[in-house]
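K.L.:
here's my sequence, what's the structure:
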Amino acid sequence: MLKTLEDTLTKSCLIGLTYFDFDGNELKKQLLAGTVMAVDTEIGITIKLLAAETNNDKKEANFIIPATLSCWFTAPKGEFHTSHEQVKIVNPDYLVTWDIYQTKAQDDKQPDSEQQWWKWYPRTEDPMVNK
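P.N.:
Residues are numbered from 1 along each chain as shown. Reported below is the predicted structural model:
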């Protein structure tokens, strides 16, 4: 069981993200995988994402999720494929799940702003796994 953000450092994880529009309609689901590289209570948890190798060139990226541990669950053993072609993770340490909702612009003075804002909600129930 994770007790502090630091407990996630160097751990591998499969991240399930579900995006919703203003009305709560599901827009898309995405699965990412990687290793926790840094943690900060304000910035969040930085994960170095796994990437597919193409022509011996590996494109790596970092992804930051909120600094909340309530949605981190011990992962079952197995091989999992992400949303990105040819990217898989074997026996990750944790499964992490978030629901992300589109919201109105944060600045009430510009209600018609084209800027999109997203509110993250942790899924705190143990996730169902389809390998």
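
K.L.:
what about the spatially most central residue of the chain, which SS state?
P.N.:
Nearest residue to the geometric centre of the chain (CA atoms, centre = their mean): Ile15, 4.1 Å. Secondary structure of Ile15, reduced to three states by DSSP: H, G, I helix; E, B strand; the rest coil: strand.

K.L.:
against Lys104, how distant is it?
P.N.:
26 Å (CB to CB, to the nearest Å). Every C-beta, even on glycine, is put in place using the N, C-alpha and C of the backbone.

K.L.:
give me the below-cutoff pLDDT ranges for the chain.
P.N.:
For the chain, applying pLDDT under 70 flags the ranges 53-59, 105-115, 128-131.

K.L.:
can you pull out the strands in it?
P.N.:
In the chain, the segments counted as strands under DSSP state E are 12-20, 26-40, 44-49, 53-54, 57-58, 62-65, 72-74, 79-81, 88-90, 94-103, 117-122.

K.L.:
so what secondary structure elements neighbour the second one?
P.N.:
I take that to be strand 26-40. Contact partners of strand 26-40 among helices and strands, from 3 or more CB pairs under 8 Å, 6 or more residues apart in numbering; DSSP states H and E: strand 12-20, strand 44-49, strand 62-65, strand 79-81.

K.L.:
wait, isn't Asp93 in contact with Thr74?
P.N.:
Yes: at 7.4 Å, Asp93 and Thr74 qualify as touching, with contact defined as CB atoms under 8 Å.

K.L.:
more crowded one of the two?
P.N.:
When neighbours are counted by other CB atoms under 10 Å, Asp93 comes out ahead of the other of Asp93 and Thr74, with 17 against 11.

K.L.:
tell me which of the strands of the chain sits nearest to Met1.
P.N.:
In terms of CB to CB, the element of those nearest to Met1 is strand 72-74, at 8.2 Å.

K.L.:
dump the residue contacts of Gly16.
P.N.:
Lys29, Gln30, Leu31, Leu95, Val96, Thr97, Trp98, Arg123, Pro127 (CB atoms under 8 Å, 6 or more residues apart in numbering).

K.L.:
can you check Phe63 too?
P.N.:
The neighbours of Phe63, taking CB under 8 Å, 6+ apart as the test, are Ile15, Leu32, Gly34, Thr46, Ile47, Leu49.

K.L.:
I appreciate the help and will end here.
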